[in-house]
Every structure is written in structure tokens, then in C-alpha cells.
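> with the input below, show me the fold.
(chains A and B)
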Amino acid sequence: MAQHHAPDELLLAYAAGELSDSEAMLVACHLTLCPESRAFVALAEAMGGALLSEQSPNSVDADALDRVMGRLDSMDMGDSRSFYISGNTVDQAIHDPHGIVPSPLYRLTGPLDRLSWFDGRTPGVKMAVVPSTIDDRFTLLAKLQPGIELPSHSHPGFEMTLVLAGGYRDDTDKTFVRGDMDLRDSDRSHQQWIDNDEPCLWLVVAQGPPIFNKG
Amino acid sequence: MSDSASAPRALLARIAHDRDRDAFAELFRRFAPRIKGYMGRSGAPTDQADELVQEAMLRVWRHAASFDPERGSVEAWLFRIVRNARLDQIGRQQRHAIDPADPALLPAEPDAPDTAVAGRQRSERLRLALAGLPAEQAAALRSIYYGFKTMQAAAEEQGVAVGTLKSRVRLGCNHLRSALVREEL
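Now for the predicted structure:
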């Protein structure tokens, strides 16, 4: 069970539809693994509903109701055209049969062993780029073998890590397991140890690649 | 809130079961101006806001049967529709949502406090708790919703540091949580 939840402001921004594409994807993966955060998102949506109903009304086009009413029939005949072209339809029912990779990620990657994994800078670390997120974030998966010590490094801007498998400990002695989120929004250096028996799998969204400190 | 025939829940039920156009028109008159107000506060230009109002109301007609009163209020359901329509409007390729049938989904404990109270009661309590928040916390919370902008921009607008804005948001959320939990005991 996840111990390190996404912070409130991040979940509110997700509920409000305000996150960038890759951040929203990572948060949706966290929600899959964390019932507590899911409950908070439901609260945040209820709060959105309360804000919606407290709005002072803004007059709509005089003919807006007529235009919408005029389309209800064709809607019932199976016309589901939008006023605008909505994005690619996504098959929501794509699942990882092993129940490891949450669907919001699996929809983009498919089976992880089909991604092109490359060696990280640290021996025992493999990485793969997550395809198809449409913002400029640096979105990747990292697989880290047990016993690895990730040398001190920092990131340009914020970094979000979601643990999908295994676990690790950081230099403040906090431990992270499946479902946990580890957030840094400064460029403070940090270190991690994979002190678990199984390989650790991370989903990372950052503003740029890690910067390893010398020495 | 009464369960009279003009309550939003009753209107939605009439749309879902009877394809009742009068009920739809009534719901439109009640919510379309508020959806537009919300979009306006979020900084959307008028033509985009008008378009979004129409799109959202068409989705209400199409998906009325999917409203589940156990899951929350009509307003919360409508909020999700408006949000998703907005994400489509700004050209998101996909909305990243959880999939309830995902084998990776970790289910909630059966007696988790947040699911203990029926949606409608919760939303009444939430409205009260929201109204009782200190002004600066309420403003911090609202700034996230009426954003389409970063925390940084929202903080500058309120003349505070990002860290201050975040802690106001968290304090506000804790108030709302504890208001809900306390009353559930």
C-alpha cells in the first residue's frame, strides 16, 4: 500500500484537468495503485462541482439552446460528432494481463519488453522512453537491479517518480514501494539505494535528464 | 436539497429514461450560464466558452444514463463532463483516466471513510465546508481550478511565493477533509 501519496495540489490540478499530458498520465498511474488518492480526486471533483454551481451566470448565446436542441435528434440517431474534433479515440480496455503496468501507461507502451531499453549511466540501470506523450517533458521508465546505489544527482526543475515495482530508500532514509510517489521540485541533489530483493521499476516525468554530480 | 421534479437529479433521470426535452431545456437554462461563467473565469475567450457550453450540454444528453447518484452530485458529474470536453477542446490526444477494470487497480478498503457517505450528503457538507474556509485558503484552492496556468503564475497573481500558495492549498484541503470526516463519525 502506497505511503507516499501525491500532494494535494497535484491531485487538485489533475482533477481540474490542469496537468500537462505526461504528468496527468503519471498521476493516473498513481491513482490506479492508491485508493486514498483516488478518494481525494473524487473529493476534488465534487469541489469542482461546487465551484461550478456557485458561478454567477454568464449569459449564453440567445440561440445556443435552440442549436443544441436541434442536434439532439441526430445525436440519438447515432451522430456523435463533436463541435470540434476530439483527439484519437483511445481503447480504454487495454490492460497489462499481468496486472503490473497500470493502464494509463500500458495504453502508451504495450508490453514493456517490447520497448527499446538502453543502458543508463549507472551499471545495472536500463531505461526506455515512454512514447506518445505530447508535451515537452522527459518521460521514461527506469529498471534498476537490486543492490544498486544511484549516485548523487539533481534534475533541472521538478521531477516526479512513481514506483511500479520493487522499492528503494533515499538519502533521507525514506523508503518507497509500489504506488509511492517521490517528488522534487528543486534541483537539490539526491541519492537512492535499491535495497529490495527484486528489480525496481520507475516511471519518471521530469523537465530534463538527470545531472550527475562529479566525484 | 429537495427531490422535487425540478431538482437536477430528477431532470437528469427524466432525460435518461424518457429522453425528456423539457427537462433538458430546464437543465440547460440552469447550468449553461454557470458553465460559461466558469470558462470565463478560467480565461477562455467567449467563442470558445460558447462552443464548450454546447458541447458539454450535448454530452449531458448523450450520457445522462451514466450518472450514478451514489458516486456524487450532479454538479460533480457535470464538472467531469466540462473538464473532459475542455481537454478535448484544447487538443489533448487522450485523457489519462484510471480504468476501473484494470487488473493493476488496487481496490479501496471496503470501509474507507471517503466512500462511507452517500454522494449527495457529501456534496452538501463540502459546499458548507468550502463556504467556511478562510478567504486566502479558498482563493488558493480556486486558483488551481480557474487556472489553465501554472502554480507559479497563480502565486504571482496572488502576490505570494509558490510555497505559500501550496501550503494554503494543503491547509484548505485538510479543512475540507476534516469537516467531512468529523461529520461522518
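
> distance check, the nearest residue to residue A:143 once chain neighbours are set aside against chain B.
Computed as C-beta to C-beta, 6 or more residues apart in numbering or on different chains, the closest residue to residue A:143 that is not its neighbour in sequence is residue A:126, at 4.6 Å. All C-beta atoms are positioned from the backbone trio N, CA, C, and that covers glycine. Using C-beta to the nearest C-beta, to the nearest Å, residue A:126 is found at 21 Å from chain B.

> tell me which residues in stretch A:151-161 are buried?
A:153, A:154, A:155, A:159, A:160, A:161 (16 or more other C-beta atoms under 10 Å in any protein chain shown).

> does the helix or strand where the fifth one lies come close to chain B?
Just to be clear, that refers to residue A:160. Per DSSP states H and E, residue A:160 falls inside strand A:159-165. No. Legend: contact between strand A:159-165 and chain B by C-beta under 8 Å from any C-beta of the partner chain is lacking; minimum distance shown is 8.9 Å.

> partner strands of that strand, parallel or antiparallel?
Applying DSSP bridges to the sheet, strand A:159-165 is found paired with strand A:181-184 (antiparallel), strand A:200-206 (antiparallel).

> what ranges do the helices span in the chain?
The chain I'm using is chain A. Secondary structure of chain A (DSSP state H): helices at A:8-15, A:21-33, A:35-54, A:64-76, A:103-109.

> please refer instead to chain B.
B:8-18, B:21-41, B:46-63, B:74-89, B:119-131, B:135-145, B:151-157, B:162-184.

> out of the helices and strands in chain B, which is least certain?
helix B:119-131 (a mean of 78; mean pLDDT, DSSP states H and E).

> okay, the residue most central in space within chain A and residue A:205: tell me how far apart.
Centroid check for chain A by C-alpha atoms, centre = their mean gives residue A:26 as the closest residue, at 0.8 Å. Per C-beta to C-beta, to the nearest Å, residue A:26 is found 5 Å from residue A:205.

> what is in contact with those two at once?
Residues touching both residue A:26 and residue A:205 (C-beta atoms under 8 Å, 6 or more residues apart in numbering or on different chains) are A:139, A:160.

> contacting residues for residue 122?
Went with chain A since none was named. Per C-beta under 8 Å, 6+ apart, neighbours of residue A:122: A:148, A:150, A:151.

> my question was about chain B
A:46, B:72, B:73, B:180.

> export those as TSV, with columns for pLDDT.
Below are the contacts of residue B:122 laid out as TSV (pLDDT from 0 to 100):
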residue	pLDDT
A:46	90
B:72	83
B:73	88
B:180	78
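
> of those residues, closest to residue A:13?
Using C-beta to C-beta, residue A:46 comes nearest to residue A:13 of the contacts of residue B:122, at 15.8 Å.

> so, low pLDDT: which residues of chain B?
Applying pLDDT under 70 to chain B picks out residues B:1-3, B:92-94, B:110-120, B:147-150, B:182-185.

> mind doing that once more with 90?
Residue ranges of chain B with pLDDT under 90: B:1-6, B:39-47, B:68-73, B:86-100, B:108-128, B:130, B:142-159, B:162, B:176-185.

> CA-only coordinates of stretch A:98-116 in PDB, if you can.
In PDB, the C-alpha atoms belonging to stretch A:98-116 read as follows (Å, rounded to 0.1, in the frame of the first residue of the first chain):
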ATOM      1  CA  HIS A  98       0.000  -9.400 -15.500                       C
ATOM      2  CA  GLY A  99      -1.500  -6.500 -13.600                       C
ATOM      3  CA  ILE A 100       1.800  -4.800 -13.200                       C
ATOM      4  CA  VAL A 101       1.700  -1.800 -15.500                       C
ATOM      5  CA  PRO A 102      -1.300   0.500 -14.800                       C
ATOM      6  CA  SER A 103      -3.500   1.000 -17.900                       C
ATOM      7  CA  PRO A 104      -2.800   4.800 -18.300                       C
ATOM      8  CA  LEU A 105       0.800   3.800 -19.000                       C
ATOM      9  CA  TYR A 106       0.100   0.400 -20.700                       C
ATOM     10  CA  ARG A 107      -2.100   2.200 -23.300                       C
ATOM     11  CA  LEU A 108       1.100   4.000 -24.400                       C
ATOM     12  CA  THR A 109       3.700   1.400 -24.100                       C
ATOM     13  CA  GLY A 110       2.100  -2.100 -24.500                       C
ATOM     14  CA  PRO A 111       4.200  -4.900 -23.100                       C
ATOM     15  CA  LEU A 112       7.300  -3.300 -21.600                       C
ATOM     16  CA  ASP A 113       9.700  -5.900 -23.000                       C
ATOM     17  CA  ARG A 114       8.900  -4.600 -26.500                       C
ATOM     18  CA  LEU A 115      10.200  -1.100 -25.700                       C
ATOM     19  CA  SER A 116      13.800  -0.300 -26.700                       C
END
